[in-house]
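Student: Turn this into a model:
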Amino acid sequence: MRFSQLSGIVMFLVCILTTKAQNPEEGRFFFRNFQDTYVYYKDGRTFIVPANYDLVNGSFVFIDTEDGNQLKLFGEQNNIGSIRVNDRVFLATSPGPTEIIRTDPEFMVLYKPHILDGAKPTGYGGASSASATRTVSHIQGAGPVQYLQKEENYVKDISKVYTIKVGNKKRQFETEKQFLKIFSGHTEQLKQYIADKQIDFNSIIQVEQLCNYALSLCTK
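Tutor: Model prediction:
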């Protein structure tokens, strides 16, 4: 076998191994690609940065293009009011991002990842500062910042946990059984509706329509 042929085979095998090593991390982030994200802090600071949600570590992260494209944590995540990606609005919650589908009546969806353990998750630290709305590729840190390291844990799948407001109380559900428990006074009507409409609890649109119907029953 010629040396060039052997080298080609070795490189081919290296590519296969590299691809396999990367596969577990393909589902690590919520969005397929990092994209310009509007970040609104509760104190009025607003800026735009290429970002995504790290499902494994339960936090939004951004690309710092001025520091070797390192991935870093948004500073002061507890003070983030909301995050907008295109026309979708999210809350910076853990263990997954919470999407605000509507505000009146309130209806939200927590995208809850199921993690397969491979190694201990890494931590973050740091803070950010922005005084006005602006497009940025770098967030100045007020303290030490830890970079996102390679993670051996990965996401197996994502379930949806819905939040609705019934009266003055927020209620959460994931399954049909949990939903019916919230509206226990209308169980038979809701069961019939779910059967007739073939409601899929993984479909946000269908669940939203189901909630509309359930809330309408409460006002009769």
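Student: When you work out contacts or count neighbours from here on, use the C-alpha atoms and nothing else.
Tutor: Will do.
Student: center of this structure, which residue is that?
Tutor: residue 97 (3.4 Å; C-alpha atoms, centre = their mean).
Student: quick one: that residue and residue 85 touch, right?
Tutor: No. At 11.9 Å, residue 97 does not count as touching residue 85 under the criterion of C-alpha atoms under 8 Å.
Student: Just the residues contacting stretch 170-189, thanks.
Tutor: By C-alpha atoms under 8 Å, 6 or more residues apart in numbering, the residues outside stretch 170-189 that reach it are 159-165, 190-191, 201, 214, 217.
Student: Give me the buried entries from those residues.
Tutor: 160-165, 190, 201, 214 (16 or more other C-alpha atoms under 10 Å).
Student: Of all pairs in the contacts of stretch 170-189, which one is the farthest apart?
Tutor: 159 and 217 (27.2 Å; C-alpha to C-alpha).
Student: so what's residue 54 scoring on pLDDT?
Tutor: For residue 54, the model assigns a pLDDT of 87.
Student: Who does it form a beta bridge with?
Tutor: residue 29, residue 59 (DSSP bridges).
Student: Next, work out how far apart it and residue 214 are.
Tutor: Distance, residue 54 to residue 214, using C-alpha to C-alpha, to the nearest Å: 34 Å.
Student: likewise residue 157?
Tutor: 28 Å.
Student: do the same with residue 88
Tutor: Distance from residue 88 to residue 214, by C-alpha to C-alpha: 25 Å.
Student: With residue 101 instead?
Tutor: Distance, residue 101 to residue 214, by C-alpha to C-alpha: 17 Å.
Student: go on, residue 103?
Tutor: 17 Å.
Student: Grab the nearest non-local neighbour of residue 69.
Tutor: residue 63 (5.5 Å; C-alpha to C-alpha, 6 or more residues apart in numbering).
Student: need the longest strand for the chain.
Tutor: Secondary structure assigned by DSSP state E gives strand 154-166 as the longest strand of the chain.
Student: who does whatever helix or strand comes next after it pair up with?
Tutor: Reading on from strand 154-166 to the C-terminus, the next helix or strand found by DSSP states H and E is strand 169-173. Strand pairing for strand 169-173, determined by DSSP bridges: strand 154-166 (antiparallel).
Student: one step back: dump the buried ones among the contacts of stretch 170-189 into CSV; add distance to residue 111 and pLDDT as well.
Tutor: Below are the buried ones among the contacts of stretch 170-189 laid out as CSV (distance: C-alpha to C-alpha, whole Å; pLDDT from 0 to 100):
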residue, distance to residue 111, pLDDT
160, 5, 96
161, 7, 97
162, 9, 98
163, 11, 97
164, 15, 97
165, 18, 94
190, 24, 98
201, 13, 97
214, 23, 97
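Student: ok, residue 39 - contacts?
Tutor: Per C-alpha under 8 Å, 6+ apart, neighbours of residue 39: 46-49, 80-84.
Student: Tell me where this protein has strands.
Tutor: Counting by DSSP E, the strands of the chain are 35-41, 46-54, 59-64, 70-73, 80-85, 88-91, 98-103, 106-116, 154-166, 169-173.
Student: Let me have those strands in TSV, extended by distance to residue 27.
Tutor: Formatted as TSV, the strands of the chain follow (distance: least, C-alpha to C-alpha, whole Å):
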stretch	distance to residue 27
strand 35-41	16
strand 46-54	9
strand 59-64	14
strand 70-73	16
strand 80-85	19
strand 88-91	19
strand 98-103	17
strand 106-116	10
strand 154-166	6
strand 169-173	24
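Student: rank these by pLDDT, which is bottom?
Tutor: strand 70-73 (a mean of 80).
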